[in-house]
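Novice: Curious how this folds, go ahead:
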Amino acid sequence: MKFSIIATIASFAGAALATPLATPLERRQNQVCWRICFNGPVPCSPGWVSVVQGQCHTCCRFSTRP
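Specialist: Reported below is the predicted structural model:
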C-alpha cells in the first residue's frame, strides 16, 4: 500500500513539473493574448493590438494559422 501511495504522489509530482507554472500568453482560436488585465487601453508592442476581453484590456496578436 505504501508503494502505491508513493507511486501516485510521484506521478502527480512529475505531471506538475511538466506543466508550465506561468505562461505569458493565452491562445484563443485565431488570436494569442497576454494573460494580464489592465483597467484601461494598453499601449501594445508592434504587431499587437489593444482589445477588451470582458472587463479587461489586454494585447492580442491575430494568427492566420488554424
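Novice: Output the contacting helices and strands for the strand of greatest length in the chain.
Specialist: The strand of greatest length in the chain, counted in residues with DSSP state E as the criterion, is given as strand 56-62. In terms of contacts (3 or more C-beta pairs under 8 Å, 6 or more residues apart in numbering; DSSP states H and E), strand 56-62 is packed against strand 31-34, strand 49-53. For every residue, glycine as well, the C-beta is placed using N, CA and C.
Novice: what's the closest non-adjacent residue to Cys37?
Specialist: With C-beta to C-beta, 6 or more residues apart in numbering as the measure, Cys56 is the residue that lies nearest to Cys37, at 3.6 Å, once sequence neighbours are left out.
Novice: quick one on the thing from earlier: between the helices and strands packed on strand 56-62, which one is closest to Pro41.
Specialist: Each of the helices and strands packed on strand 56-62 has some distance to Pro41 by C-beta to C-beta; the shortest is strand 49-53, at 5.1 Å.
Novice: Quick one: work out the angle between the closest one and strand 56-62.
Specialist: 130 degrees (axes from the mean of the first three to the mean of the last three C-alpha atoms, to 10 degrees).
Novice: Show me the shaky parts of this protein.
Specialist: 1-29, 64-66 (pLDDT under 70).
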